[in-house]
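A.B. asks: predicted coordinates and the sequence they were generated for:
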Amino acid sequence: MAEDLESSVERLKDWAGDVPVSWHRPRPRRVYVEVERGDLREFGRGLFDDYGARFVTATGTDMGDRLEVVYHFSYDPSGLIINLRVTTPRAEGTIPALTPAIESAEWIEREMCDLLGIEFEGHPRPERLILSDDWPEGEHPLRKED
């Protein structure tokens with residue numbers, strides 16, 4: 001039986017407790033949950049294993065002074081899309097890898113490493129995925145100019 005959106009969001013907020021640093025719900029079926037870097041892996045694992053959301057993909061963006069990664073989850077019983085957001089200062093460029101908790105995040109994290117230069121700490125296979133072996137080290141096609 002399908003769960004209604006409002007019940008899904010309330011259950012998500014109850015489950016999340018005080019871990020998120022911010023919540024944003026721009027549309028009825030979409031919620032953004034921002035967490036600190038140190039909470040990312042455990043919170044993502046919990047969304048997947050405990051809350052029952054399905055990992056879909058992730059996106060990375062160079063925001064100028066910081067790099068942002070949004071992990072997209074779908075809670076299929078209600079159609080709620082949960083966007084788990086985490087940022088890192090651009091100069092630092094590191095985020096804990098979600099892959100040790102959710103194996104299907106492996107390739108998208110490797111792609112974001114290639115294209116944006118985000119280092120995913122604890123990633124089990126940090127080698128290149130889409131850039132050629134002769135691509136210049138330290139150059140990332142989706143990084144904005146300094």
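C.D. replies: Perfect, I can see it now. Residues are numbered from 1 along each chain as shown.
A.B. asks: how near is the residue most central in space within the chain to residue 98?
C.D. replies: Central residue of the chain (C-alpha atoms, centre = their mean): residue 71, 2.7 Å from the mean position. Here the criterion is C-beta to C-beta, to the nearest Å. By it, residue 71 lies 6 Å from residue 98. Just so you know, the C-beta spots here come from the backbone N, C-alpha and C atoms, and that holds for glycine as well.
A.B. asks: give the residues shared as contacts by these two.
C.D. replies: Common contacts of residue 71 and residue 98, defined by C-beta atoms under 8 Å, 6 or more residues apart in numbering, comprise 44, 58, 105.
A.B. asks: now do the helices in the protein.
C.D. replies: For the chain, the helices defined by DSSP state H occupy 5-16, 40-46, 106-116.
A.B. asks: mean neighbour count and mean pLDDT added to those, as a markdown table?
C.D. replies: Listed next are these as a markdown table, based on neighbours: other C-beta atoms under 10 Å; pLDDT from 0 to 100:
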| stretch | mean neighbour count | mean pLDDT |
| --- | --- | --- |
| helix 5-16 | 15 | 95 |
| helix 40-46 | 19 | 98 |
| helix 106-116 | 20 | 98 |
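A.B. asks: if we can go back for a sec, for the residue nearest to the centre of the chain, what are its contacts?
C.D. replies: 44, 55, 58, 83, 84, 86, 98, 105.
A.B. asks: these two touch, right, the second one and residue 105?
C.D. replies: Yes: if you go by C-beta atoms under 8 Å, residue 55 and residue 105 touch, sitting 6.3 Å apart.
A.B. asks: what residues are shared contacts of the two?
C.D. replies: Residues touching both residue 55 and residue 105 comprise 44, 71, with contact defined as C-beta under 8 Å, 6+ apart.
A.B. asks: which intervals of the protein have sub-threshold pLDDT?
C.D. replies: By pLDDT under 70, the weakly predicted segments of the chain are 1, 146.
A.B. asks: again, 80 this time
C.D. replies: 1-2, 145-146 (pLDDT under 80).
A.B. asks: great, nothing more from me.
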